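A.B. asks: with the sequence up front, the predicted model follows.
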Amino acid sequence: MNLFINTRPNHKANTLTLDMPSVHLPLLSIVPFDSLTDMENMYWATFIQGNIDTVVVVSVEAVRCAISFLKQQNIHHASNLPHHPTMIAVGQPTKDALVEFGFTVITPAEFGLPMSNEGMIQLPHFTHMGQHDSIMIWRGVGGRRLLHDMLVQRGVKVLPIEFYERQTPNDMAMQFEHFYQNLPKNAHLYVLISSGMSLDVWRQFDKQQHNATFLALGERLSKLAKLAYPDSMVVCINDLHNNTLLTTLQKFTKQNDEQPNQTNR
């Protein structure tokens, strides 16, 4: 029996529609902040005043939180801002949320690049950045460190604003216990891993009682998953679009059905 394990937070998991049995097991919850730090307030004021030319937005959560703070400043549409910053979204849902507020947005996909850390780093907009350039990042605590660190190494001034944090649900152990109690003995799991933090949580509670194939977002996360599970198959996916997941699952579940006794590589 093939079973897809959707590990994304509740509101993200609802966007997936797949043609196979699935279980929703959110490994992380999103907790937005009510206020910013003193430094972040300084950064935010700089943005409001029109002095930030480029903003990277890493998630729909970051958009929602940022819009909430903008509305507190009586800014209800991007046209209310004194400038037109270049907004760079990591994924399509993030772009859609920004466009809805009136921003003009670009994504890695428009340059034929994967919607991941790797794709962001290869964007032409970043390859020419160096000293004397500055960029703002809207994210959660610790989000997109790879992009952040790469830009800092080039001498770029990075102004991060952390609008939320991701946490492991308090009842995670109980959820996993219930999950394993209801799993068929012959289940082959297809586990979605969309962040390093979610991989850490899965490893913490995984009992490794079933065969598993991991669908990991991007090359870096795929390598981490392979290090964590060297005897399991790890499939690198470039984005989290429904069609990407569906096509990937159809391909590998077919292989699994055709070769039921083959050990995962």
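C.D. replies: Thanks, I have the structure now. These numbers come from a predicted model, not from an experiment.

A.B. asks: CA only for contacts and neighbour counts going forward, please
C.D. replies: Noted.

A.B. asks: name the element Val158 belongs to?
C.D. replies: Per DSSP states H and E: Val158 is located in strand 157-167.

A.B. asks: and what of Ile30?
C.D. replies: strand 29-32.

A.B. asks: other residues contacting the helix or strand that that strand is followed by?
C.D. replies: The element immediately downstream of strand 29-32 (helix or strand, assigned by DSSP H and E) is helix 38-48. For helix 38-48, contacts defined as Cα atoms under 8 Å, 6 or more residues apart in numbering pick out 52, 81-82, 159-161.

A.B. asks: and the longest helix seen in the chain, which residues are buried?
C.D. replies: Identified as the longest helix of the chain according to DSSP state H is helix 242-258. For helix 242-258, the neighbour count (16 or more other Cα atoms under 10 Å) marks 245-246, 248-249, 252-253, 256 as buried.

A.B. asks: hey, C-alpha coordinates of it in PDB?
C.D. replies: Listed next in PDB are the C-alpha coordinates belonging to helix 242-258 (Å, rounded to 0.1, in the frame of the first residue of the first chain):
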ATOM      1  CA  ASN A 242       0.300  20.000  -6.900                       C
ATOM      2  CA  ASN A 243       1.300  18.800 -10.400                       C
ATOM      3  CA  THR A 244       4.900  18.300  -9.400                       C
ATOM      4  CA  LEU A 245       4.000  16.200  -6.400                       C
ATOM      5  CA  LEU A 246       1.400  14.300  -8.400                       C
ATOM      6  CA  THR A 247       3.700  13.500 -11.300                       C
ATOM      7  CA  THR A 248       6.500  12.500  -8.900                       C
ATOM      8  CA  LEU A 249       4.300  10.200  -6.800                       C
ATOM      9  CA  GLN A 250       2.800   8.600  -9.900                       C
ATOM     10  CA  LYS A 251       6.300   7.800 -11.300                       C
ATOM     11  CA  PHE A 252       7.800   6.400  -8.100                       C
ATOM     12  CA  THR A 253       4.700   4.600  -6.800                       C
ATOM     13  CA  LYS A 254       4.500   2.800 -10.200                       C
ATOM     14  CA  GLN A 255       8.100   1.800  -9.800                       C
ATOM     15  CA  ASN A 256       7.400   0.500  -6.300                       C
ATOM     16  CA  ASP A 257       4.400  -1.500  -7.500                       C
ATOM     17  CA  GLU A 258       6.400  -3.000 -10.400                       C
END
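
A.B. asks: what mean pLDDT does that helix have?
C.D. replies: In this model, helix 242-258 has a mean pLDDT of 80.

A.B. asks: same question, stretch 124-144
C.D. replies: In this model, stretch 124-144 has a mean pLDDT of 85.

A.B. asks: okay, that stretch in PDB with CA atoms only?
C.D. replies: Taking Å, rounded to 0.1, in the frame of the first residue of the first chain, the C-alpha atoms of stretch 124-144 are listed here in PDB:
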ATOM      1  CA  PRO A 124      20.300  37.200 -12.100                       C
ATOM      2  CA  HIS A 125      19.200  39.900  -9.600                       C
ATOM      3  CA  PHE A 126      21.500  38.400  -6.900                       C
ATOM      4  CA  THR A 127      24.500  37.400  -9.000                       C
ATOM      5  CA  HIS A 128      25.400  41.100  -9.500                       C
ATOM      6  CA  MET A 129      24.900  42.100  -5.900                       C
ATOM      7  CA  GLY A 130      27.900  43.100  -3.800                       C
ATOM      8  CA  GLN A 131      29.200  45.800  -1.500                       C
ATOM      9  CA  HIS A 132      27.100  48.900  -1.300                       C
ATOM     10  CA  ASP A 133      23.900  46.900  -2.200                       C
ATOM     11  CA  SER A 134      21.200  46.200   0.300                       C
ATOM     12  CA  ILE A 135      18.200  43.900   0.400                       C
ATOM     13  CA  MET A 136      15.300  43.200   2.900                       C
ATOM     14  CA  ILE A 137      14.100  39.700   3.600                       C
ATOM     15  CA  TRP A 138      10.600  39.000   5.000                       C
ATOM     16  CA  ARG A 139      10.700  35.600   6.700                       C
ATOM     17  CA  GLY A 140      10.200  33.500   9.900                       C
ATOM     18  CA  VAL A 141      12.900  32.900  12.500                       C
ATOM     19  CA  GLY A 142      15.900  31.400  10.900                       C
ATOM     20  CA  GLY A 143      14.300  31.200   7.400                       C
ATOM     21  CA  ARG A 144      16.300  31.100   4.200                       C
END
